[in-house]
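Asks: Any chance you can model this:
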Amino acid sequence: MFDSPLKHRAPGQAISRPSSLRRQITMGMLMVLSPVLLVGAYAVPAVWNLGAALRSVLENNYISIQCAQHLQAVLSGLRVAELEGDAKPAIPGLRDEFFYWLNIEYQAITEVGEPETARNLDDQATQLFTKIAVSPPGIRHDSEFDQLFAGTNTLIRLNEMAMWRNDVLLRNLSRRVASTLILSFLLAFAVGIGLSWLIAKNIARPLTELASELSDVGEDLTISRRLEPQTVTELQLVAESFNQMATRLEYYQRLNVERLLFEKKKVESILQNLEHGVVLIDREGIVAHINEIAQIVLGLDGASVVGKPFSNLPTGSRGYIRIRNQLSTPGKNALSYPMELDVNFRGRDHNFLVNQARLSEEDELGILLTFQDVTYLRDQDRARAELVATLSHELRNPLTSLGLAAQFLAQRPPDCSTEHQKLVQVILSEFSRMSDLIEQLMNASRQRFSTIALHRDRVSISAILDDLAQCFSLQAAQRNIKLELNSTSLPEIYGDSAKISWVVSNLVTDTFGYTREGGVVEVDGHCSTPDSIRLEIKNTGPGISREVQKRVFEPVEQYTVSANPLGIGSLGFLMIKDVVAAHGGRIFVESSGEGSKFIVDLPVGSERN
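Replies: Residues are numbered from 1 along each chain as shown. Alright, predicted model coming up:
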């Protein structure tokens with residue numbers, strides 16, 4: 001049943017259907033259980049019948065002993081009655097009781113000599129009851145009583161000895177049954193061990209040969225041999241799957257080279273036609289691919305550099321030298337930050353942003369350098385700076401005229417009303433603030449647009465809010481808008497007083513622009529944490545949509561609220577965000593459909609910061 005599953009067969013030899021491993025194990029288990037079942041089939045009925053017989057005998061022995069004891073009790077009662085002279089009246093009842101128990105004894109006789117003893121008791125008792133009935137009072141029959149007591153003792157002794165013999169027999173039977181069961185279990189265990197060894201041997205042999213075939217698979221995943229048919233169904237399925245896998249591997253191996261070449265050409269075509277420059281460097285620092293844009297940026301002028309070390313390319317351009325210095329160990333180190341290069345080609349200057357990406361995090365395959373053309377972004381920056389410079393220049397002339405007029409009004413005779421003097425002071429204050437802002441815009445246009453220079457000093461936010469309330473009180477009264485200022489005792493911060501005042505003033509101006517008549521503009525200042533101050537400027541005007549909230553601080557955008565342009569305009573919001581960020585703070589807007597709230601968080605900071 002357990003022939004080797006890897007026998008070689010002659011060509012054309014028929015193969016019988018292999019038996020399943022489950023069937024073989026089932027047959028083995030039946031062989032193991034057969035001795036136990038046979039022993040059980042023989043021993044269990046015999047033990048059951050013998051036990052039933054022993055129980056019946058023991059039950060009759062017990063009944064005989066009980067009967068003998070009751071007979072002795074009746075005789076004892078009769079003797080006592082005879083001694084007291086009352087034997088004749090007691091004879092009828094005692095006779096009936098004596099023969100009642102004697103009849104039960106007749107039905108429970110099991111031992112040799114017990115019938116004769118019972119008959120002797122019957123005869124002697126009949127004679128005794130007759131003698132006592134006809135004898136005058138005072139006559140004693142001790143000898144007859146002694147004979148009857150001796151007979152009952154004999155009856156008890158016979159049954160007790162029988163019970164002892166049955167007990168010995170039962171113990172011997174138990175030992176014999178236990179020995180038989182132990183021997184049968186030992187036999188089953190031995191048969192099980194033998195079958196297990198045979199099954200394991202015949203299963204392990206084909207698996208070992210299968211493992212040997214798999215270990216012979218070459219690095220090119222080719223398998224030269226096929227497994228022979230197996231005699232076990234499960235192993236036959238494994239062999240068939242293995243042979244199918246080998247066939248598929250051979251097929252894929254034939255297609256592999258052509259497919260790889262196709263994929264290589266496709267990737268090279270994609271990389272070559274990208275708008276961005278691409279350089280692929282392998283783990284050894286060798287250039288694996290470079291497209292035309294990257295060659296232009298690195299100043300290679302169409303030179304063939306594929307297969308050459310990136311650290312030794314035939315070019316002396318500044319961009320290449322900067323990248324090579326950053327990648328001191330090509331293919332291993334990364335650019336510490338995105339690098340921007342200026343390259344002149346196609347008749348104008350271009351700006352390229354250089355980024356680096358690893359091809360694999362765990363098993364490094366090399367790096368990929370990309371050169372992204374950001375010329376259009378820099379053109380937008382320059383156009384924005386020129387626009388700011390132009391606006392600043394155009395605003396400076398009319399603002400200067402307004403400032404001179406306000407100074408002239410301030411020098412008028414003292415008969416000018418107090419209200420007019422307050423208005424003139426407000427104009428002069430705003431003129432000074434706007435002049436500073438225009439000067440900063442001019443400086444920003446000459447440098448980078450987003451650069452914010454701060455003149456830090458101790459700044460009282462409470463004083464800025466008080467001045468703000470005074471500046472906007474007249475505007476609030478004219479438009480019937482309630483201006484509320486809520487500020488607790490705020491600590492001084494270190495920052496630029498003029499720029500913080502400009503931020504708050506522009507935010508209040510914007511909220512005023514979108515507050516309806518009879519509405520409320522509230523300016524609230526408090527300490528959000530022990531180290532920061534929070535300013536909240538909110539109104540009861542129309543809300544700002546979620547989409548606009550996400551982009552309100554982005555550059556070169558124009559937003560609308562209720563079909564009207566947003567008050568400050570995105571350029572103002574961008575500058576506000578830059579000023580707040582320069583102070584180490586943050587600004588954001590909240591709106592839920594009715595009214596809006598601009599929140600500015602500023603750190604208290606220190607004189608060192």
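Asks: can you pull the pLDDT of the residue lying farthest from the centre of the chain?
Replies: Using C-alpha atoms, centre = their mean, the residue of the chain lying farthest from its centre is P136. It sits 109.8 Å away. We have a pLDDT of 83 for P136.
Asks: ok, it to A90 distance?
Replies: 16 Å (C-beta to C-beta, to the nearest Å). Every C-beta, even on glycine, is put in place using the N, C-alpha and C of the backbone.
Asks: picking up where we left off before, that's a helix at the residue farthest from the centre of the chain, yeah?
Replies: No. P136 sits outside any helix when classified using DSSP: H, G, I helix; E, B strand; the rest coil, being coil.
Asks: Please enumerate the strands of the chain.
Replies: Using DSSP state E, the strands of the chain run over residues 277-282, 287-290, 339-345, 348-358, 366-373, 457-459, 482-487, 493-495, 520-529, 532-539, 560-561, 564-565, 586-591, 596-603.
Asks: how far away is the residue farthest from the centre of the chain from P89?
Replies: 15 Å.
Asks: Ok, R259 next?
Replies: 127 Å.
Asks: And A246, by the same measure?
Replies: For A246 relative to P89 (C-beta to C-beta), the value is 114 Å.
Asks: Between those two, which is the more surrounded one?
Replies: A246 (19 against 8; other C-beta atoms under 10 Å).
Asks: Show me the beta-bridge partners of the nearest residue to L369 once chain neighbours are set aside.
Replies: What sits nearest to L369 in space, not counting adjacent residues and going by C-beta to C-beta, 6 or more residues apart in numbering, is V279, at 4.1 Å. Per DSSP bridges, the residues bridged to V279 are I290, L369.
Asks: need the strands of the chain in TSV with mean neighbour count and distance to R140, can you?
Replies: Shown next, in TSV, are the strands of the chain (neighbours: other C-beta atoms under 10 Å; distance: least, C-beta to C-beta, whole Å):
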stretch	mean neighbour count	distance to R140
strand 277-282	22	134
strand 287-290	20	137
strand 339-345	15	143
strand 348-358	16	128
strand 366-373	20	133
strand 457-459	14	142
strand 482-487	15	133
strand 493-495	23	137
strand 520-529	17	124
strand 532-539	21	129
strand 560-561	16	140
strand 564-565	12	146
strand 586-591	17	129
strand 596-603	21	130
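Asks: among these, which gets the worst mean confidence?
Replies: strand 564-565 (a mean of 48).
Asks: and the residue nearest to L369, what does it touch?
Replies: V287, H289, I290, A294, L298, F310, L368, L369, F371 (C-beta atoms under 8 Å, 6 or more residues apart in numbering).
Asks: again, only using 7 Å
Replies: V287, I290, A294, L369 (C-beta atoms under 7 Å, 6 or more residues apart in numbering).
Asks: how close does the residue lying closest to the third one once chain neighbours are set aside sit to R378?
Replies: With C-beta to C-beta, 6+ apart as the measure, G277 is the residue that lies nearest to A294, at 3.4 Å, once sequence neighbours are left out. G277 sits 17 Å away from R378, taking C-beta to C-beta as the criterion.
Asks: same deal with V552?
Replies: From V552 over to R378 (counting by C-beta to C-beta), the distance is 25 Å.
Asks: out of the two, which sits in the more crowded spot?
Replies: Between V552 and R378, counted using other C-beta under 10 Å, the more crowded position is V552 (24 against 15).
Asks: show me the contacts for L341.
Replies: So L341 contacts V297, G319, F352, V354 (C-beta under 7 Å, 6+ apart).
Asks: does the last one really touch R322, like I thought?
Replies: No. At 8.5 Å, V354 does not count as touching R322 under the criterion of C-beta atoms under 7 Å.
Asks: Overlap of the contact sets of the two?
Replies: Residues touching both V354 and R322 (C-beta under 7 Å, 6+ apart) are M339.
Asks: Is it possible to get the contacts of L341 out as a markdown table so that each row also shows distance to T126?
Replies: Output for those, formatted as a markdown table (distance: C-beta to C-beta, whole Å):
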| residue | distance to T126 |
| --- | --- |
| V297 | 143 |
| G319 | 144 |
| F352 | 141 |
| V354 | 137 |
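Asks: Among the residues you listed, pick out the one closest to H70, please.
Replies: Using C-beta to C-beta, V354 is the member of the contacts of L341 that lies nearest H70, at 121.3 Å.
Asks: Could you check how far that closest one is from T370?
Replies: 7 Å.
Asks: mind checking how far K201 is from L195?
Replies: 11 Å.
Asks: The two: which has the busier surroundings?
Replies: When K201 and L195 are compared on other C-beta under 10 Å, the one with more neighbours turns out to be L195, at 20 against 11.
Asks: what pLDDT does the more buried one get?
Replies: L195 is given a pLDDT of 71.
Asks: I'd like the distance between it and L38.
Replies: In terms of C-beta to C-beta, L195 sits 17 Å off from L38.
Asks: Ok, V548 next?
Replies: For V548, the distance to L38 - C-beta to C-beta - is 93 Å.
Asks: what about those two, which has more around it?
Replies: Legend: neighbour count by other C-beta under 10 Å for V548 and L38, higher for V548 (17 against 11).
Asks: Turn the strands of the chain into a markdown table, columns for distance to A469.
Replies: Converted to a markdown table, the strands of the chain look like this (distance: least, C-beta to C-beta, whole Å):
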| stretch | distance to A469 |
| --- | --- |
| strand 277-282 | 57 |
| strand 287-290 | 65 |
| strand 339-345 | 46 |
| strand 348-358 | 47 |
| strand 366-373 | 49 |
| strand 457-459 | 17 |
| strand 482-487 | 5 |
| strand 493-495 | 19 |
| strand 520-529 | 8 |
| strand 532-539 | 12 |
| strand 560-561 | 25 |
| strand 564-565 | 26 |
| strand 586-591 | 21 |
| strand 596-603 | 17 |
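Asks: Compare these and report which one is nearest to R384.
Replies: Once the strands of the chain are compared by C-beta to C-beta, strand 348-358 is nearest, at 15.2 Å.
Asks: partners of that closest one, with directions?
Replies: Partners of strand 348-358 in its sheet, by DSSP bridges: strand 339-345 (antiparallel), strand 366-373 (antiparallel).
Asks: what's next to it, contact-wise?
Replies: So strand 348-358 is contacted by 277, 297, 323, 334-335, 338-343, 364, 367-375, 378 (C-beta under 7 Å, 6+ apart).
Asks: and what of stretch 580-596?
Replies: 452, 454, 495, 503, 538-541, 543-544, 549, 552, 576-577, 597-603, 605.
Asks: Quick one: the helices in the protein, in order.
Replies: 21-84, 87-107, 114-134, 142-215, 233-272, 292-298, 318-326, 375-410, 418-446, 461-478, 497-513, 546-551, 570-582 (DSSP state H).
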